[in-house]
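[1] need a structure here:
(2 chains)
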Amino acid sequence: GAVVSQHPSWVICKSGTSVKIECRSLDFQATTMFWYRQFPKQSLMLMATSNEGSKATYEQGVEKDKFLINHASLTLSTLTVTSAHPEDSSFYICSAGERGGPRPQHFGDGTRLSIL
Amino acid sequence: AQSVTQLDSQVPVFEEAPVELRCNYSSSVSVYLFWYVQYPNQGLQLLLKYLSGSTLVKGINGFEAEFNKSQTSFHLRKPSVHISDTAEYFCAVRKGGGSNYKLTFGKGTLLTVNP
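    Take a look at the predicted model:
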């Protein structure tokens, strides 16, 4: 149980395009979803926290207009990288927290984004 | 705020040897502690967690960890490692309570198991 599906797993696109990444909780309701960015050989950096039906809370230094997050339902959150540039290339990972109780977050398999 | 220190960035060991990956945390409130494993180009998989109760926690793949409140540590151990255990390991902490508190990660420890 507690599976998080993240799609796509790999995307390559031209500079200036926008890219949408989906994160779905397949068998549980995720009241809260988290979006992380990971640079090579580094730890995860939290970008934002989103609660279903409300605006995301961004960490300091993360551009909310660059990284648009939507959490429209209890099973789906999306991250859109707008007007992507090569410096946005990275590994993006989502995680989801189950409703109620001190349960651990469950992680998606990540999306490798490469901007040419 | 919480913080996590993983004392070793890399740990090389031989197959079938025991291993300990060290993790220390700091927090002014009660916390939950986690160990995650990340294989190349993949997300994170939960190895084990400490929420409350017994300080010795057993996880998947033969790993265990011991919560030591006085030393604010949560070291991960395995008595005999396999080649397949080669991966990045992350210790994480979050404030106790519901599911919507953010995790704070350590910088990770790369475990390399050599034949």
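[2] can you pull out the strands in chain B?
    B:3-6, B:10-14, B:19-21, B:23-26, B:31-38, B:44-50, B:56-58, B:64-68, B:73-78, B:87-95, B:104-105, B:109-114 (DSSP state E).
[3] Just the C-alpha atoms of the first one, please, in PDB.
    So that's strand B:3-6. In PDB, the C-alpha atoms belonging to strand B:3-6 read as follows (Å, rounded to 0.1, in the frame of the first residue of the first chain):
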ATOM      1  CA  SER B   3      18.300  19.800  12.100                       C
ATOM      2  CA  VAL B   4      20.000  16.600  11.100                       C
ATOM      3  CA  THR B   5      23.700  15.700  10.900                       C
ATOM      4  CA  GLN B   6      24.900  12.600   9.100                       C
END
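[4] What parts of chain A come near chain B?
    Within chain A, the positions lying close to chain B (C-beta under 8 Å from any C-beta of the partner chain) are A:4, A:6, A:31-32, A:34, A:42-44, A:46, A:49, A:51, A:91, A:93, A:95, A:97-110, A:112. Yep, even glycine has a C-beta here, placed from its N, CA and C like the rest.
[5] Close to chain A: what parts of chain B are there?
    Counting by C-beta under 8 Å from any C-beta, chain B sits next to chain A at B:32, B:34, B:36, B:41-46, B:49, B:51, B:90, B:96-100, B:102-103, B:105-108.
[6] what about 7 Å?
    Applying C-beta under 7 Å from any C-beta of the partner chain, we find that chain B lies next to chain A at B:32, B:34, B:41-44, B:46, B:49, B:51, B:90, B:96-100, B:102-103, B:105-108.
[7] List only those of these flagged as buried.
    B:32, B:34, B:42-44, B:46, B:49, B:51, B:90, B:99-100, B:102-103, B:105-108 (16 or more other C-beta atoms under 10 Å in any protein chain shown).
[8] can you list the strands of chain B in a markdown table and add distance to A:V11 and mean pLDDT?
    Below are those laid out as a markdown table (distance: least, C-beta to C-beta, whole Å; pLDDT from 0 to 100):
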| stretch | distance to A:V11 | mean pLDDT |
| --- | --- | --- |
| strand B:3-6 | 30 | 94 |
| strand B:10-14 | 30 | 97 |
| strand B:19-21 | 33 | 98 |
| strand B:23-26 | 33 | 95 |
| strand B:31-38 | 20 | 93 |
| strand B:44-50 | 20 | 93 |
| strand B:56-58 | 37 | 96 |
| strand B:64-68 | 36 | 96 |
| strand B:73-78 | 33 | 98 |
| strand B:87-95 | 23 | 93 |
| strand B:104-105 | 24 | 92 |
| strand B:109-114 | 26 | 97 |
